[in-house]
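Asker: Let me see the structure of the following:
(one chain, ligands or ions: 1)
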Amino acid sequence: MTTHKPSHRIPAQEVDADPPAPVAVSGIAANAALPTILDNLDALVYVADFETHEMLYMNAYWQNNNLGDYWAGKKCWQVLQNADGPCSFCTNHLLIDSSGNATGIHVWEFQNKVDKRWYQCRDQAIRWTDGRLVRLEIATDITERKNMEVALQAAQQAAEKASLQDELTLLNNRRALFQFGELIIKQARRSQTPVAAIMFDLDHFKHINDTYGHEAGDAVLREVGTMLRSRVRGSDVAARIGGEEFALLLPDTQQNQALELAELLRQALHALKIPHKHTELRPTASFGIAMLADDDGRLEALLSRADEAMYLSKTKGRDNVSLYPQF
Ligand SMILES: Nc1nc2c(ncn2[C@@H]2O[C@H](COP(=O)(O)OP(=O)(O)OP(=O)(O)O)[C@@H](O)[C@H]2O)c(=O)[nH]1
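Answerer: Predicted structure coming up:
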């Protein structure tokens, strides 16, 4: 079988031939084409006087994109911003120094008031035809990139929030408690102020689930979350750390203040009446309190003592408050 491979050999006369002569470009022709080139750029280009803000040149970008009328005889702030006076964010002062010399290129981003689009602006002082320094701006539309940035930022914030928030109760979750807790401990060590921890666990919660259903249990957890959020200070951290287990970290709080708050929360919980079908759900909880000790390395030590105190409340008959050193 014969194969017919294409020949890649270049004929001798082609190799030896002179390369094609470049087409001569006349400077005059290029100059004549300059307005056409500028008017076809995908960027706004304009020149304005430093003192009077009078527009000296603008390419067709603005008109091509239906953003405004012809610019001649107008000020830059009239044409570009539809404003009554010079823009507060004008960058002219950054383009020349105190001796009136050009300082270089200034690049910045802003959202235009007229078309609501974002631009990256490249500003510079250049010599005009009569020798004076004028403002040259080249502005490129970066709206798509900016929108993407904003969307990404919002998504990031939402993800961050979701990763620290308990969805059901809208309280902090366990991860948030530890994240904020370490900060609270560091700050307390620096300022030599006390930190209290309160833990509580709903009593016989399994009974609520088993008798009225999981949704009824969820409703109780949501109500506990609402009650808790309304009763803690902005500087406190309230978290749901397990199924029906909650923890509070209270910076700058003495033991007696923590006891008072725990008792208040116990009573508020005891008083909750959560309507469910033809009945009312009446949750209670057992509370434990511990204070940050000098030799507590990390948050775990403090929480584990609060947890011990909480289990004492369970063994004492539930719906009560226990303090760690008191047993
Ligand atoms: N509805 C609901 N129930 C949950 C959730 N997380 C955990 N639970 C339930 O919480 C109950 C906890 O039960 P137990 O650990 O036996 O505790 P308890 O019944 O509260 O008893 P004591 O703590 O001893 O008073 C279990 O039935 C879990 O299924 C949740 O997100 N929603």
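Asker: Count the residues that sit near residue 188.
Answerer: Neighbour count of residue 188, defined by other C-beta atoms under 10 Å: 17. To be clear about C-beta, it is placed using only N, CA and C from the backbone, and glycine gets the same treatment.
Asker: separation between the residue nearest to residue 86 when sequence neighbours are not counted and the ligand?
Answerer: In space, and not counting its chain neighbours, residue 86 is closest to residue 77: 5.4 Å by C-beta to C-beta, 6 or more residues apart in numbering. Distance of residue 77 to the ligand, computed by C-beta to the nearest ligand atom, to the nearest Å: 59 Å.
Asker: can you check residue 199 too?
Answerer: 12 Å.
Asker: before we move on, what about residue 215?
Answerer: Where the ligand is concerned, residue 215 sits at a distance of 7 Å (C-beta to the nearest ligand atom).
Asker: and the helix or strand harbouring that residue, what's its mean pLDDT?
Answerer: Using DSSP states H and E, residue 215 maps to helix 214-231. For helix 214-231, the mean pLDDT works out to 96.
Asker: quick one: secondary structure of the residue nearest to residue 86?
Answerer: Following DSSP: H, G, I helix; E, B strand; the rest coil, the label given to residue 77 is helix.
Asker: That one: neighbour count?
Answerer: The tally of other residues near residue 77 (other C-beta under 10 Å) stands at 17.
Asker: wait, it sits on residue 85?
Answerer: Yes - counting by C-beta atoms under 8 Å, residue 77 touches residue 85, with 6.5 Å between them.
Asker: residue ranges of the strands in the stretch 1-150 of the chain, please?
Answerer: 44-49, 55-58, 106-111, 118-127, 133-141 (DSSP state E, counting those that start in this stretch).
Asker: residue ranges of the helices in the stretch 101-250 of the chain, please?
Answerer: 143-164, 174-191, 205-212, 214-231 (DSSP state H, counting those that start in this stretch).
Asker: Please name the nearest non-neighbouring residue to residue 53.
Answerer: In space, residue 53 is closest to residue 75, 4.3 Å off (C-beta to C-beta, 6+ apart).
Asker: is it true that that neighbour touches residue 56?
Answerer: No - counting by C-beta under 8 Å, residue 75 stays clear of residue 56, with 11.1 Å between them.
Asker: before we move on, the earlier item: need the strands of the stretch 1-150 of the chain in a markdown table with mean pLDDT, distance to residue 297 and mean neighbour count, can you?
Answerer: Formatted as a markdown table, those follow (pLDDT from 0 to 100; distance: least, C-beta to C-beta, whole Å; neighbours: other C-beta atoms under 10 Å):
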| stretch | mean pLDDT | distance to residue 297 | mean neighbour count |
| --- | --- | --- | --- |
| strand 44-49 | 96 | 60 | 20 |
| strand 55-58 | 95 | 67 | 20 |
| strand 106-111 | 94 | 46 | 13 |
| strand 118-127 | 96 | 49 | 18 |
| strand 133-141 | 96 | 54 | 19 |
